[in-house]
Each structure stands twice: as structure tokens, then as C-alpha cells.
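# Structural data only, the sequence is not supplied:
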């Protein structure tokens, strides 16, 4: 009995240095995991967003860090954990390739933290997340250069002096004429437009209608999900 108590008592005690390293690893994984999850949330587009997946990114990085801390330099422990993890079957299928990338983010960063490479984990997190934000900001990979089509009619003669160009410059970064149909009493225009802010599309329509001579204003926005 005394032998068993001594055995379990020895196993239950962790050296102070090992305990501090474990706490530091889990804390750093928790902080960096939230940074990765926040960037994922802010740059996500589409209909497949799930709060549970975002939270899983944080927990996954912490778990991988703990696994690396438990393994340490023991090959026996490593094979034991591989056998235990092989029993678990993950049936959740990731619908977005970008979700797989973020899972890989958390796995690699968790491995770096768990193996004690804190500086590499921090630098890699900053660089990877800055690259992710940059690609989302410039809309890298988008094939369309315009947000939609603006069509309207200008009543009366000399339609080019209808005053609609200053309004379009105020709300659009750029625009390009697609079609001009001139009649006896009105001229119909169709423009491709790139909005300064897609949320102000209704303001553009209202401003065009307030010009007086402009009638039948319609703005058809391109669906952002078309290129996901």
C-alpha cells in the first residue's frame, strides 16, 4: 500500500518549471487561438458560418498544445496518443476549403506552442493573419471588377446634361457605360458600377431620383456569393 501511495504521490506532483511551461503554453494558445478565430470571423463570406466552428479553432489550438506538452520527448507516449486518437472518428465534413486552412492554422500553431517555440508561434500568427486580412481586404481572387448594373432614363433633350455624372462619382469608385438608347423624348442608360460602399446603394438610387429629369432608376447588385 505504501508503495502504491508513494508511486501515485510521485506521479501527481509536477515540477514548478513544467507547470509554469504548461500554463504559459495554454495561455498563449488561448490568446493566439482567439486571434485566429477573430480573423476567420471577420473575413468569412458565404452561408457556411458556424459559431461552434469558430470556438473550436480556439479549443483545438489549446488541445494540440497540451498534446505536445504531454508527449514531450517520449516516443512511447507519442504512439500511445496516436492510437488513442485513431479511435475517434470525425464525421464533420468541411464545406469550405478556407475552413480547412484555418484548421491547419490552429494545428501547426498548436504544435509550435506545445513544443516550446513561442517566438515562432507568435511571429507566424502575426504574419499569417496579416496576410489573411490583406487578401480579404483587396478581395483577392475576385473576377468581377464591378458590383452591379445601374439603369435609368433621362427625360428631355440633351441627356448628357442631366446632372447624373456628379452623383455617380460621389457614390461610385468607377463606372462604365454599357448601353445608351436614345429616343425622341428620353434616353435610356445602362452603366456598370463599382460602389464606394455597397451598403449605400439605396442612397444612390434616391440621389438619382432627386435630379428631376432622371426616371425609372434601377440598381441590380451582383451576388457576392457567386464566386465563393
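Thanks, I have the structure now. Fair warning: this is a prediction, and the values are worked out from it, not measured in the lab. Residues are numbered from 1 along each chain as shown.

# pLDDT below threshold where in the chain?
1-15, 46-47, 76-94, 141-144, 157-162, 223-228 (pLDDT under 70).

# Could you list the domains of it?
Domain assignment for the chain by automatic domain parsing gives 2-137, 148-227.

# Centre of the chain to the last one, how far?
Yep, that's domain 148-227 we're talking about. 32 Å (Cα atoms, centre = their mean, to the nearest Å).

# correct me, but residue 60 touches residue 107?
Yes. Between residue 60 and residue 107 a contact is recorded at 7.1 Å, counting by Cβ atoms under 8 Å. From N, CA and C alone the C-beta is placed, and that goes for glycine too.

# ok so, going back, could the domains of the chain go into CSV alongside mean neighbour count?
Shown next, in CSV, are the domains of the chain (neighbours: other Cβ atoms under 10 Å):
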stretch, mean neighbour count
domain 2-137, 15
domain 148-227, 15
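
# Helices of the chain, residue ranges please.
2-12, 16-43, 51-71, 75-87, 97-114, 118-137, 164-171, 201-209 (DSSP state H).

# If you count contacts, what does the second one end up packed against?
In terms of contacts (3 or more Cβ pairs under 8 Å, 6 or more residues apart in numbering; DSSP states H and E), helix 16-43 is packed against helix 51-71, helix 97-114, helix 118-137.

# So which of the ones you listed is nearest residue 30?
Residue 30 lies closest, by Cβ to Cβ, to one member of the helices and strands packed on helix 16-43: helix 51-71, at 5.8 Å.

# Just give me the residue closest to the centre of this protein.
residue 43 (2.3 Å; Cα atoms, centre = their mean).

# Please report the distance of the nearest residue in space to that residue that is not next to it in sequence from residue 221.
Distance criterion Cβ to Cβ, 6 or more residues apart in numbering; nearest residue to residue 43, sequence neighbours excluded, is residue 136 at 3.8 Å. Distance of residue 136 to residue 221, computed by Cβ to Cβ, to the nearest Å: 19 Å.

# Which residues does stretch 36-46 contact?
Stretch 36-46 is contacted from outside by 49, 54-55, 57-58, 61, 96, 98, 102, 105-106, 109, 125, 129, 132-133, 136, 224-225, 228, using Cβ atoms under 8 Å, 6 or more residues apart in numbering.
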